[in-house]
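Enquirer: Below: sequence and its predicted model.
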Amino acid sequence: MIQSTQPPGLERVPRASLVQLRSFEAAVRLGGVGRAARALHLAQPTVSTQLKELASALGLVLFEPEGRGLAPTAVGRRLAEAVRTMGAAWQSFEEDAAALQGLRRGRLRIAAVTTTEYFLPDLLGPFARQYPGIEIELAVENRNAVVARLERGDDELAAMMLPPSHLPLALWPFLENPLVIIAPAGHALTRRRRMKLAELAAEPLLAREVGSGTRAAAEQAFAAQGIDWPPRMALGSNEAIKHAVRAGLGVAVLSRHTLAPDPMTEGLAVLSVAGFPLRRQWHLVWRKDRALSLPARTLLDDLRARLQVKMQPMGWVAPGASSPPT
């Protein structure tokens, strides 16, 4: 009798490539072939072909029509779970390998809300230079998208202002995030020393899109004062809002981090309004029900040390007792 030299179980692995499985998982997670193709930097016909070949190799129907798109079948959802389990196992192997190599290689996935793009790259830079073999994947999205990524477990760490309460998260408030109200430089309101928010509410309000943490925080502050101030216009980025304010279309609530040290250089002015700046915090968060990799733990230790020493004079919050556990 001839016995297989393969380890038990490997002879049952179907003729499915890792590339096909990666495309399949992306199509399920992102809700479409086109979105998966863009995320993977592949042509859409290529991803479609991979999905067809995967279904043929398995002898299963993995997707079914849903509206104008596709949705995974019941067995497709099971396969997606299996692929994510395989991915988690592979990531665990990479983390163990990185530990054995002293952080010479590895991968770290981070999600961040859009406003953090004004400072987060500067915080990650020293770590990236110290550990050039660590591949950092940074996904910048609005708050709703970052929450969805945390729900799926796409990333190890996330930087955001308003962490969700429905997930088992560890929180580290690492940086102050003052929210201010801006107007065009030279606007009559800029000559007011102090005004009440209710007085300002007659002005057209510009806001970020629904799903933005900054918009949510501003709306909470308005509601707390009993002020109904619906936006005249919603825009998809902080830079678009600054352009619109500068053009005289209205006033807006933005993070102070989005503005130059002297907003006048951008043609903007910070208004003096009672209750503002809103004192909020940036948090680094991670799932408590999942172990952090060595690269993630090392980054947290690195940021804790650097923020305490170098950033405090600039008004950045030293972690103190809120430091993340190692």
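Expert: Now that the structure is in, tell me what you want to look at. Values in this document were obtained by computation on a predicted structure and should not be read as measured data.
Enquirer: what about Leu18, how many residues close to it?
Expert: A total of 11 residues lie near Leu18 under the criterion other Cβ atoms under 10 Å. C-beta: built from backbone N, CA, C; applies to glycine.
Enquirer: To clarify, my last question referred to Gly59.
Expert: Gly59: 7 neighbours (other Cβ under 10 Å).
Enquirer: how much space is there between it and Ala71?
Expert: Computed with Cβ to Cβ, to the nearest Å, the distance linking Gly59 and Ala71 is 20 Å.
Enquirer: Over to Lys288?
Expert: Noted for Lys288: a distance of 31 Å to Ala71, by Cβ to Cβ.
Enquirer: likewise Glu64?
Expert: Counting by Cβ to Cβ, the gap from Glu64 to Ala71 is 6 Å.
Enquirer: Comparing these two, which residue is more hemmed in?
Expert: Of the pair Glu64 and Ala71, Ala71 is the one with more neighbours under other Cβ under 10 Å, namely 14 against 11.
Enquirer: Please identify the longest strand in the protein, counting by residues.
Expert: The strand that spans the most residues within the chain, counting by DSSP state E, is strand 169-184.
Enquirer: for that strand, packing partners?
Expert: Using 3 or more Cβ pairs under 8 Å, 6 or more residues apart in numbering; DSSP states H and E as the contact criterion, the secondary-structure elements in contact with strand 169-184 are helix 213-224, helix 238-246, strand 251-255, strand 268-270, strand 278-287.
Enquirer: okay, those in JSON lines with mean pLDDT next?
Expert: What follows is the helices and strands packed on strand 169-184, written out as JSON lines (pLDDT from 0 to 100):
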{"stretch": "helix 213-224", "mean pLDDT": "94"}
{"stretch": "helix 238-246", "mean pLDDT": "96"}
{"stretch": "strand 251-255", "mean pLDDT": "97"}
{"stretch": "strand 268-270", "mean pLDDT": "95"}
{"stretch": "strand 278-287", "mean pLDDT": "95"}
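Enquirer: Most tightly packed of these?
Expert: Stretch with highest mean neighbour count among the helices and strands packed on strand 169-184: strand 251-255 (a mean of 25; mean count of other Cβ atoms under 10 Å).
Enquirer: Now tell me what touches that strand from outside.
Expert: Contact with strand 251-255 is made by 115, 118, 177-183, 189, 200, 203-207, 214-215, 217-218, 238, 241-242, 244-245, 271, 278, as judged by Cβ atoms under 8 Å, 6 or more residues apart in numbering.
Enquirer: neighbouring strands for it, and are they parallel or not?
Expert: Using DSSP bridges, the strands paired with strand 251-255 are strand 169-184 (antiparallel), strand 205-208 (parallel).
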